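K.L.:
Quick one, structure for this:
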Amino acid sequence: MDRNNPLYKARRMAQVMAYHILPHETLSKIYYKILIHDRLDLENPQTLNEKLQWLKLYYFPNNETAVKCTDKYQVREYICDKGLGEKLTHLLGVWENANDINWDLLPDKFVLKCTHGCAYNIICKDKQTFDKTSAIKQLNKWLREDFAAFNVELHYGKIKPRRIIAEEFLGDKLIDYKFFCFNGEPQFLYISSDLIHDRQAQIGFFDIYGNKIPLIRDDYEDIGNIEMPDCFNEMIEAAKVLSKDFPFVRVDFFKTETSFTFAELTFTPSAAMMPLNPKKYDFEWGKLLDLSAVRGEN
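P.N.:
Numbering: from 1, shown residues only. I've put the predicted structure just below:
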């Protein structure tokens, strides 16, 4: 993802304009048709993507806990309340403006994140050569952006205030374990080996027993298999604790050399537009997500 690419910038600008002109449902249906190549049915959603689209539009933006847990700073309080504070990455600082960052107090290596979106990350591996001026400019640009406007993920737009956090640098060889959880039950997971964004390094989808699923994402590159770590069952139990308050959430952990740490809670993976191949998994996994309670159908 080259943020300086003119086509990327033009697309982002067009998305923002469309977000402020078109109804959210209409825009969601347009994006869904473009990326999933199918009609989005919000009246009678069946697939996982469709049901997540419904939650994205009507439920998560109105759920205070979901909004809190989308915020990369506020979610830390939620993790502590669930008794898993020891799994948090060490927090080095928090600011509402990049100009306020006290660089002298930061270690030689650290990670900067904006709290109100996805892939708003900057890694510093050597503070002596780190371009602070460029980082400040980029961070403040991100702070001005409403991430909700890009893919109609309305819950991101509810995050106030927008902030920057600095966290401990965990290393170069992290593995990202993403557990898809339905009403507190992890059902399957996706594993990636890229810290910032997993579009370049897919290890793949696995069932909850650690067996690889014969499924690919058309927009990712599959790079093979992996053996589940010794802490795999512990990660599953932690995912159960962190997901039980929601009809759906993806609970993400980073596997380090010695243990695992909390990464984030993701309510709308890929903005609820995951191009799954074969598509039967979209239907099968859709059956796992019961919307009857949140839609008032019980």
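
K.L.:
rest of the way, CA atoms for contacts and neighbours
P.N.:
Fine.

K.L.:
Show me what the helix or strand of the chain at the bottom of the mean pLDDT ranking is packed against.
P.N.:
When the helices and strands of the chain are scored by mean pLDDT, DSSP states H and E, strand 216-217 comes last with a mean of 74. If contacts are counted by 3 or more CA pairs under 8 Å, 6 or more residues apart in numbering; DSSP states H and E, strand 216-217 sits against strand 276-277.

K.L.:
How about residues contacting whichever helix or strand comes after the strand it packs on?
P.N.:
Next along the chain after strand 276-277, taking DSSP states H and E as the criterion, comes helix 280-286. Applying CA atoms under 8 Å, 6 or more residues apart in numbering, the external contacts of helix 280-286 come out as 46, 47, 48, 49, 50, 51, 276.

K.L.:
Pull the contacting residues for residue 117.
P.N.:
By CA under 8 Å, 6+ apart, the contact set of residue 117 is 147, 156.

K.L.:
can I assume it sits in a helix?
P.N.:
No - residue state for residue 117 (DSSP: H, G, I helix; E, B strand; the rest coil) corresponds to coil; a helix is not indicated.

K.L.:
how close does it sit to residue 163?
P.N.:
Noted for residue 117: a distance of 10 Å to residue 163, by CA to CA, to the nearest Å.

K.L.:
before we move on, back to that, quick one: contacts of the least confident helix or strand of the chain?
P.N.:
Residues outside strand 216-217 that contact it (CA under 8 Å, 6+ apart) are 204, 205, 222, 274, 275, 276, 277, 278.

K.L.:
And the contacts of helix 280-286, which is closest to residue 247?
P.N.:
Ranked by distance to residue 247 (CA to CA), those are led by residue 51 at 10.5 Å.

K.L.:
who's in contact with the closest one?
P.N.:
So residue 51 contacts 42, 45, 286, 289, 291 (CA under 8 Å, 6+ apart).

K.L.:
pretty sure the last one is touching residue 247, no?
P.N.:
Yes - between residue 291 and residue 247 there is a contact at 7.4 Å, judged by CA atoms under 8 Å.

K.L.:
who has more neighbours, those two?
P.N.:
residue 247 (23 against 19; other CA atoms under 10 Å).

K.L.:
Quick check, that one in contact with residue 288.
P.N.:
No - with contact defined as CA under 8 Å, residue 247 does not count as touching residue 288 (9.8 Å).

K.L.:
tell me, what's touching the two both at once?
P.N.:
residue 182.

K.L.:
Make JSON lines out of the contacts of residue 51 and add secondary structure and distance to residue 129.
P.N.:
Conversion of the contacts of residue 51 to JSON lines gives the following (DSSP: H, G, I helix; E, B strand; the rest coil; distance: CA to CA, whole Å):
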{"residue": "42", "secondary structure": "coil", "distance to residue 129": "50"}
{"residue": "45", "secondary structure": "coil", "distance to residue 129": "51"}
{"residue": "286", "secondary structure": "helix", "distance to residue 129": "48"}
{"residue": "289", "secondary structure": "coil", "distance to residue 129": "48"}
{"residue": "291", "secondary structure": "coil", "distance to residue 129": "50"}
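
K.L.:
Tell me who's in contact with residue 39.
P.N.:
29, 32, 33.

K.L.:
secondary structure element for it?
P.N.:
Using DSSP H and E, residue 39 falls outside every helix and strand.

K.L.:
how near is it to residue 26?
P.N.:
Residue 39 is 11 Å from residue 26, by CA to CA.

K.L.:
With residue 251 instead?
P.N.:
29 Å.

K.L.:
Please say which of those two ends up with more neighbours.
P.N.:
residue 251 (26 against 12).

K.L.:
Now that the more buried one has come up, it's in contact with residue 264, right?
P.N.:
Yes - Residue 251 is within contact range of residue 264, at 6.4 Å (criterion: CA under 8 Å).
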